[in-house]
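**Q** sharing a model prediction with you, sequence too.
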Number of protein chains: 2
Amino acid sequence: MDSESTLPQAAFQLTPQPLTREAFVPFGDVIETEGRDHFTINDGYAERFHNLADVDLTEADGKVLISIFRARPRPRPIQVEMMERHPLSSQAFIPLSSQPFLVLVAPAGEQPSQDNLTLFRTNGLQGVNFARGVWHFPLLVEHENQEFLIVDRGAPAANPGEKNCDLFYFDGVRGEIA
Amino acid sequence: MDSESTLPQAAFQLTPQPLTREAFVPFGDVIETEGRDHFTINDGYAERFHNLADVDLTEADGKVLISIFRARPRPRPIQVEMMERHPLSSQAFIPLSSQPFLVLVAPAGEQPSQDNLTLFRTNGLQGVNFARGVWHFPLLVEHENQEFLIVDRGAPAANPGEKNCDLFYFDGVRGEIA
């Protein structure tokens, strides 16, 4: 019997919810100052919002990379045909242009499920840090040339061919972002 | 004979020069996309400006921290009475609000000299990564609440009291930022 897989699969639209730290706990960290503790440094001329993400890059001599991504919008509607994950490390995206972006995630695990996708929309100031292994769709921006600072992992010098990006393609696309 | 040290020391004003990667080589990295190579990722929907800084945080099990600093301007003129350095690590500052800031540095070494200070002004998009041991003045912003993403070092779990900030106070202040 193989009846389940031959049933027609209804398509569905993913609707973004506002990004909050609480809702993002299963996926990683929200990098923001709102509601966070801070302490004064520099003789009173600066506040430090300290250690806002669980940076997880350096196991087995991974390198810490600071890069910039410049992204452009995908044509709508967006078919969610694949997800990616970094099995060895976290990956942080911090917006440099104070513009919102969409964050589509599925929990870490062997493979993502189209029945367990969550779509967030940031408030323009928030960054995110995907925890190791969390499935995510590539950057989803709303404007041309939105730039992000990225803090992620480079291969160890002794293992330059290290593979740290798994792609998973869904068998039949049902999720769509309008 | 001690005549040199008793001569009156003329005060001088520090004048900012535009920040360029070439001029900043002795002090670290300029984090910017301008003039940098990049490659396409995400099926053509993003460009990656890869590995823009020599991140040097993890010797002896240092932690990688992502933090945000919110800074306010110091009253002018600013007397350059001290400098600081981080003897164990680099420290990166990336502006989140596309506004210029001033960067005052002196070469790494036992102590900074008032005769060897360099003042830069960023173009609003540039960040900097101070190399390990480079003397620098704390954040110098021009507007209230300028925010920066900071990538710097946290103490190893096994050595929570690690000291990684040296302050040097000049004996007689001569440098001034108008």
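**A** Cool, the structure landed. From a predicted model like this one, the values you see are computed outputs, not experimental measurements. Numbers count the residues shown, from 1 in each chain, chains lettered A, B, ... in the order given.

**Q** give me the below-cutoff pLDDT ranges for chain A.
**A** Scanning chain A for pLDDT under 70 picks out A:1-9.

**Q** in it, which spans are helices?
**A** Remark: helices assigned in chain A by DSSP state H are A:3-6, A:21-24.

**Q** for stretch A:71-82, list the C-alpha coordinates in PDB.
**A** The C-alpha coordinates for stretch A:71-82 follow below in PDB (Å, rounded to 0.1, in the frame of the first residue of the first chain):
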ATOM      1  CA  ALA A  71      20.700  40.400  -1.700                       C
ATOM      2  CA  ARG A  72      17.800  41.000  -4.100                       C
ATOM      3  CA  PRO A  73      14.200  40.000  -4.000                       C
ATOM      4  CA  ARG A  74      13.000  36.800  -5.600                       C
ATOM      5  CA  PRO A  75      10.000  37.000  -7.900                       C
ATOM      6  CA  ARG A  76       6.700  36.300  -6.100                       C
ATOM      7  CA  PRO A  77       5.100  34.000  -5.400                       C
ATOM      8  CA  ILE A  78       8.100  32.100  -4.100                       C
ATOM      9  CA  GLN A  79       7.900  28.300  -4.200                       C
ATOM     10  CA  VAL A  80       9.500  26.700  -1.200                       C
ATOM     11  CA  GLU A  81      11.200  23.900  -3.100                       C
ATOM     12  CA  MET A  82      14.300  23.500  -1.000                       C
END
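
**Q** isn't A:Pro138 up against B:Gly44?
**A** No - counting by C-beta atoms under 8 Å, B:Gly44 is not a contact partner of A:Pro138; they are 10.5 Å apart. Any C-beta I mention is one placed from the backbone N, CA and C, and that applies to glycine too.

**Q** more neighbours, those two?
**A** The neighbour count for A:Pro138 versus B:Gly44, taken as other C-beta atoms under 10 Å in any protein chain shown, is higher for A:Pro138 (16 against 9).

**Q** now list whatever residues contact both of A:Pro138 and B:Gly44.
**A** Common neighbours of A:Pro138 and B:Gly44, using C-beta atoms under 8 Å, 6 or more residues apart in numbering or on different chains, do not exist here.

**Q** now do the contacts for the closest residue to A:Tyr169 other than its chain neighbours.
**A** Excluding the flanking residues, the one nearest A:Tyr169 by C-beta to C-beta, 6 or more residues apart in numbering or on different chains is A:Met82, at 4.8 Å. Neighbour list for A:Met82: A:Phe137, A:Leu167, A:Phe168, A:Tyr169, A:Phe170 [criterion: C-beta under 8 Å, 6+ apart].
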